[in-house]
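Chemist: here are the coordinates; sequence isn't available:
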């Protein structure tokens, strides 16, 4: 099967789905990635390991390193600037994603949930765009195709908040209602691969260090998704 992940920044794919990606590629499935930006507004490390002027180049290489570990076949950089996706016209961003979709003809597309996981405006914008594109793709598809959104269950978010490990940089995170989650992927065998890939994003170490504080909680053994739309062939 062919999978296409559509995310906003370098590291989004690993944080949200790294264990699943590694599991899929180890099983022989092909996984490609479309990344809207190069993370030009991201952290430069503490202490700095690059400059703001070069952060996009550095994060691109970090992503390539992580993708190699996860087994991702190809990365498509869509060429948008970090932090500005919400200001891009729908047609412009949709056309770039659709071009990749038509080339790759994936069986499955994966993107953020409507809240963008963390409420990041770029995450929400790429979720809306990928979801719109899938609906176009679905009309033309001649095989069974599916769209999944990543999912952070509300029950898990509440537990993290009680543990003092919540993440509210872009406002209170709502998460997905537990009852709406359709798919659980057991990543116990690939969790360490995910962590290895995360550590390639050296400039963003504060983010994955926070993730590692959570890793011993049983919820990190799984990645969760919601089946949002599909076209089944009769």
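Modeler: Looks like it came in fine. Quantities reported herein were computed from a predicted structural model and do not represent experimental measurements.

Chemist: Which residues belonging to the longest helix seen in the chain are considered buried?
Modeler: When the chain is parsed with DSSP state H, its longest helix is helix 121-140. Buried positions in helix 121-140, judged by neighbour count with 16 or more other CB atoms under 10 Å: 122-134, 137. From N, CA and C alone the C-beta is placed, and that goes for glycine too.

Chemist: where does residue 46 land on pLDDT?
Modeler: If you check residue 46, the pLDDT there is 86.

Chemist: low-scoring stretches of this protein, by residue?
Modeler: 161, 163-169, 171, 214-219, 234 (pLDDT under 70).

Chemist: mind listing what the residue nearest in space to the middle of it touches?
Modeler: In the chain, the residue lying closest to the centroid (CA atoms, centre = their mean) is residue 13, at 3.3 Å. Going by CB atoms under 8 Å, 6 or more residues apart in numbering, residue 13 touches 5, 7, 21, 33, 35, 66-67, 70, 72.

Chemist: change it to 6 Å
Modeler: Neighbouring residues of residue 13 by CB atoms under 6 Å, 6 or more residues apart in numbering: 5, 7, 33.

Chemist: Could you export the residues you listed as TSV, including secondary structure?
Modeler: Below are the contacts of residue 13 laid out as TSV (DSSP: H, G, I helix; E, B strand; the rest coil):
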residue	secondary structure
5	strand
7	strand
33	strand
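
Chemist: Which PyMOL command selects the buried ones in the residues you listed?
Modeler: Buried residues among the contacts of residue 13 (16+ other CB under 10 Å), as a PyMOL selection:
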select buried, resi 5+7+33
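
Chemist: Same list, the contacts of residue 13, but as TSV with distance to residue 197 please.
Modeler: Formatted as TSV, the contacts of residue 13 follow (distance: CB to CB, whole Å):
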residue	distance to residue 197
5	13
7	14
33	12
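
Chemist: quick one: which of the contacts of residue 13 is nearest residue 203?
Modeler: Distance to residue 203 across the contacts of residue 13 (CB to CB) is lowest for residue 7, with 16.8 Å.

Chemist: pull the longest strand from this structure.
Modeler: strand 222-231 (DSSP state E).

Chemist: now it, how far from the centre of its chain.
Modeler: 13 Å (CA atoms, centre = their mean, to the nearest Å).

Chemist: cool, and stretch 40-59?
Modeler: 20 Å.

Chemist: Which residues outside that stretch are in contact with it?
Modeler: With CB under 6 Å, 6+ apart, stretch 40-59 has contacts from 10, 38-39, 81-83, 203-204.

Chemist: can you tell me the distance between the two ends of that stretch?
Modeler: Stretch 40-59 has its terminal residues 8 Å apart, counting by CA to CA, to the nearest Å.
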